[in-house]
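Student: Return a 3D structure for these sequence lines:
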Amino acid sequence: MFDYESLRIIWWVLIGVLCIGFAITDGFDMGVGILSSMIGKTDNERRVMINSIAPHWDGNQVWLITAGGGLFAAWPLVYATVFSGFYIAMILALASLWLRPLGFDYRSKLTNPKWRSVWDKAIFVGSFVPPVIFGITFGNLMQGVPFEIDNFMVPTYTGSFFDLLNPFALLCGAVSLLMIITQGATFLQMKTTDTLRARARYVTVISSVLMAMVFIIAGFVSKYINGYVIISNVLPNAMSDPLTKEVTHQMGALFINYQNYPVLWIAPILSVVMPLLAAFYSRINRADFAFLCSSLTIIGVVLTFGFSTFPFIVPSSLNPNMSLTLWDATSSEYTLRIMTEVAFIMVPVILVYTSWCYYKMFGRLDTKYIEDNDTSLY
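Tutor: Now for the predicted structure:
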């Protein structure tokens with residue numbers, strides 16, 4: 001059906017789609033979780049916010065699980081390198097994600113204010129940490145990761161957790177955080193009423209403009225980062241072997257694909273224009289368009305990362321020749337073919353029933369609804 005080169009590109013695209021799906025759907029969950037302790041002034045207001053995502057939050061996390069599974073199956077060496085090199089960061093993200101369901105399920109078991117305050121903090125931490133960690137991770141992948149591979153294809157990470165907390169990576173973490181806050185705030189505009197909705201509109205305007213500004217700053221900084229360029233011949237249909245190529249550092253390499261294919265500039269343009277439009281539509285009280293623009297912002301940011309680093313997946317700052325790329329770090333052709341056949345059937349099914357669930361469960365919540373259904377809601 002497809003040759004090896006096409007299958008590799010298909011799975012690069014599918015992993016990107018899964019990342020976008022996770023960032024858009026679980027993004028508004030996390031954004032609401034962050035904002036619940038910031039703009040929710042009373043317990044009922046916080047319950048309105050939490051219950052606005054109640055039908056969706058656990059289903060939305062499936063995007064992350066699927067992305068992790070797809071990464072393991074399609075790019076096993078990438079999975080091994082990233083999850084061993086970023087082990088502490090991933091554990092922090094995973095531990096924080098555990099706090100979210102605990103907070104949702106336990107906070108309303110008792111009416112004690114201190115009890116609920118503790119679980120509100122748990123929801124905040126569980127929503128705040130993951131987007132920051134993921135942004136830092138992508139920031140490091142753009143700069144390169146200190147690892148090497150031996151002759152048995154075993155990757156060894158030589159850096160430390162604190163090496164990941166470099167200025168550019170933290171800047172990317174800020175972009176990710178502001179992007180998620182904007183997504184949550186625009187979602188709240190569609191799901192809440194009155195004062196709470198007004199606060200969400202105000203947050204959207206501030207966070208979206210800040211996100212665009214930080215993204216532009218990160219773009220200028222990335223011009224002075226040493227990227228990676230393959231200088232040897234590439235055989236897209238060859239067996240995966242990351243030790244057979246030559247790679248060099250080059251300042252401004254993150255912009256080479258944009259120079260060669262100017263149409264790719266649509267991604268960073270979306271990342272700047274869409275958050276500003278989200279702010280505009282929030283000001284004129286069009287929550288639907290604001291949420292759409294926020295979602296397009298996420299698509300633009302993820303695509304900007306993908307276009308900037310292609311064909312590199314995990315470049316090695318320690319030995320660039322051992323960098324993992326789209327062409328030499330994938331599973332076998334047979335494995336990718338089976339995965340592709342399954343994906344072409346299941347992904348449309350998932351998209352259809354997910355869209356149906358959102359359609360059937362949409363509507364606004366207010367404090368009266370919380371009071372009338374006090375014992376059956378989060």
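
Student: residue ranges of the strands in this structure, please?
Tutor: 147-149, 155-157, 226-230, 247-251, 312-314, 324-325 (DSSP state E).

Student: Please name the strands paired to the third one in the sheet, noting orientation.
Tutor: This means strand 226-230. strand 247-251 (antiparallel) (DSSP bridges).

Student: Where do the helices of the stretch 251-378 of the chain begin and end?
Tutor: For the stretch 251-378 of the chain, the helices defined by DSSP state H, counting those that start in this stretch cover 256-260, 266-283, 287-309, 333-360, 367-372.

Student: Please enumerate residues in contact with the shortest one?
Tutor: This points to helix 256-260. Applying C-beta atoms under 8 Å, 6 or more residues apart in numbering, the contact partners of helix 256-260 are Gly227, Val229, Gln250, Leu264, Trp265, Pro268, Phe307, Ser308, Phe310. (Each C-beta comes from the backbone N, C-alpha and C, glycine too.)

Student: which one of those is nearest Ile136?
Tutor: Lowest distance from Ile136 to the contacts of helix 256-260 (C-beta to C-beta) belongs to Ser308, with 16.3 Å.

Student: contacting residues around the closest one?
Tutor: Met142, Ser222, Gly227, Leu254, Phe255, Asn257, Tyr258.

Student: 6 Å instead?
Tutor: Neighbour list for Ser308: Leu254 [criterion: C-beta atoms under 6 Å, 6 or more residues apart in numbering].

Student: now swap in Met339 and tell me
Tutor: Applying C-beta under 6 Å, 6+ apart, we find Met339 in contact with Ala73.

Student: Also Asp3?
Tutor: Here Asp3 is in contact with no residue (C-beta under 6 Å, 6+ apart).

Student: before we move on, what about Pro155?
Tutor: Per C-beta under 6 Å, 6+ apart, neighbours of Pro155: Ala80, Thr81, Phe147, Ile149.

Student: Not counting its neighbours along the chain, what's nearest it?
Tutor: Nearest residue to Pro155, sequence neighbours excluded (C-beta to C-beta, 6 or more residues apart in numbering): Thr81, at 4.2 Å.

Student: Tell me if I'm right that that neighbour and Val314 touch.
Tutor: Yes - counting by C-beta atoms under 6 Å, Thr81 touches Val314, with 5.3 Å between them.

Student: The closest residue to Val129 other than its chain neighbours: neighbouring residues, count only.
Tutor: Leaving aside its sequence neighbours, Val129 sits nearest to Ser96 (C-beta to C-beta, 6+ apart; 3.8 Å). Ser96 has 20 neighbouring residues, counting by other C-beta atoms under 10 Å.

Student: For Ser96, give its distance to Phe124.
Tutor: Distance, Ser96 to Phe124, using C-beta to C-beta, to the nearest Å: 10 Å.

Student: Report how many residues lie close to the closest residue to Trp11 other than its chain neighbours.
Tutor: Leaving aside its chain neighbours, Trp11 sits nearest to Ala74 (4.3 Å; criterion: C-beta to C-beta, 6+ apart). Number of residues near Ala74 (other C-beta under 10 Å) recorded here: 24.
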